[in-house]
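Trainee: sequence plus the predicted model coming up.
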Amino acid sequence: MSELMTKPTPRPGIMDIAAYVPGKSHGTGAGKVHKLSSNETPLGPSPKAVAAIQAVAEHLELYPDGQSSALREAIAAKYGLNTSNIICGNGSDELLGLLAHIYLGHGDEAIITEHGFLVYKIQILANGATPVTVKEKDQTVDVDAILAAVTERTKIVFIANPANPTGTYIPFSEVRRLHAGLPSNVLLVLDAAYAEYVRRNDYEAGLELVAENGNVVMTRTFSKIYGLAALRVGWLYGPHDIIDALERVRGPFNLNAPAIAAATAAVKDDAFTRAAVDFNTGWIERLTSELTALGLTVTPSVTNFVLIHFPDEDGKRAADADRYLSERGYILRAVAGYGFPNALRMSVGVEEANLGVIEALKAFLGREAKTA
Ligand SMILES: *Cc1c(COP(=O)(O)O)cnc(C)c1O
């Protein structure tokens, strides 16, 4: 009879997870909607990627290539890497999850930072380990704070560089200093989802550090600059032992055939990617200066989004702005869950969307404060 009373019970940690909430995609007004809440590119994918999917669509009865060989070879050729050091995932989210699954268990700790990407914490908890959150400095990863938090239980350090939702980065000298301070049994995960957008001489995504060491991996995604978020494609560059472990655990056909075909075509279309970077750089600079001119504080960004901080004033806080913009068809990302209760994250959109947000925020800030 006690069997009647019991029920399947998740492992410890699972019910501590706050499920990931994606950026909203619907406005509250009646008109056109600009979704600026998920860091998607407004330029769409390369036409060559779309054509590649159409070719595959004739043969959906066939299993995909379980090794994603064409894609891994195209990535290896582009960056001058060994194909055998690359593994692809169903989004980089899958790869981050597999790393946690392989290297973390009950009693282990993994270090994340104050405003870090929420997927890390979810995956740490999902594997029964303990997330150890360290402070950032000026909304930027703080290497000293991470090193100070390392214990004998630490198994992984997760950082996004550049980071989401802040858009900030640490120079490569700092990444090297972080690595140098970690014991060799601690895995350093460099999530470089926005690497393609960065135009800074002191930035590197981490290829060299991976090549030189046994305890560093770098993850990348096709969801951002390549405009293939719908297909779920990510990749990881890592040392042989780590790739070997990942290969044993991943699903045998973790990438679908349209995804492999489209990503392979996209990675070869350098002209398309370069144009996307140019478009983005111009708008990041313009958005930052125009929003600052309105009296808002914008965190300096090297990515395709800006973190906008609102006044601590009745009627003018982030939640008020979110509502105001939403009614006018501009969907930004609330980031309270990332430790920014009074900020919104805005992805670079098409010109009409970017200018529309600037105009709307001007009107929003200029209006009389509502009395309660
Ligand atoms: C968008 C993003 C990713 C990409 O995830 P996918 O699963 O590849 O779509 C990874 N890390 C960070 C920090 C991101 O913002």
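Mentor: Thanks, I have the structure now.

Trainee: now the closest residue to the ligand within the chain: how far from A192?
Mentor: Relative to the ligand, the nearest point of the chain is G91 (2.6 Å; CB to the nearest ligand atom). For glycine as for every other residue, the C-beta is placed from the backbone atoms N, C-alpha and C. Distance of G91 to A192, computed by CB to CB, to the nearest Å: 14 Å.

Trainee: could you do I284 as well?
Mentor: Taken as CB to CB, the span from I284 to A192 is 17 Å.

Trainee: how about W283?
Mentor: Look at W283 and A192: by CB to CB, they are 21 Å apart.

Trainee: kindly report the same for I156.
Mentor: In terms of CB to CB, I156 sits 16 Å off from A192.

Trainee: helices and strands around the helix or strand hosting V119, which ones?
Mentor: Element membership of V119, judged by DSSP states H and E, is helix 118-126. Secondary-structure packing of helix 118-126 (3 or more CB pairs under 8 Å, 6 or more residues apart in numbering; DSSP states H and E): helix 92-103, strand 109-113, strand 130-134.

Trainee: ok, which of those comes nearest N304?
Mentor: With CB to CB as the criterion, N304 lies closest to helix 92-103 of the helices and strands packed on helix 118-126, at 15.7 Å.

Trainee: could I get the full set of helices for the stretch 101-250 of the chain?
Mentor: Applying DSSP state H, counting those that start in this stretch to the stretch 101-250 of the chain gives helices spanning 118-126, 143-149, 172-181, 207-212, 240-249.

Trainee: how about TSV for those helices, with distance to R367, mean pLDDT and mean neighbour count added?
Mentor: Formatted as TSV, those follow (distance: least, CB to CB, whole Å; pLDDT from 0 to 100; neighbours: other CB atoms under 10 Å):
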stretch	distance to R367	mean pLDDT	mean neighbour count
helix 118-126	33	96	21
helix 143-149	40	98	17
helix 172-181	42	98	17
helix 207-212	49	97	16
helix 240-249	53	98	14
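
Trainee: nearest to L294, of these?
Mentor: L294 sits nearest to helix 118-126 of all the helices of the stretch 101-250 of the chain, at 28.8 Å, using CB to CB.

Trainee: now for the chain, the helix or strand with the poorest mean pLDDT.
Mentor: Lowest on mean pLDDT, DSSP states H and E among the helices and strands of the chain sits helix 2-5, with a mean of 67.
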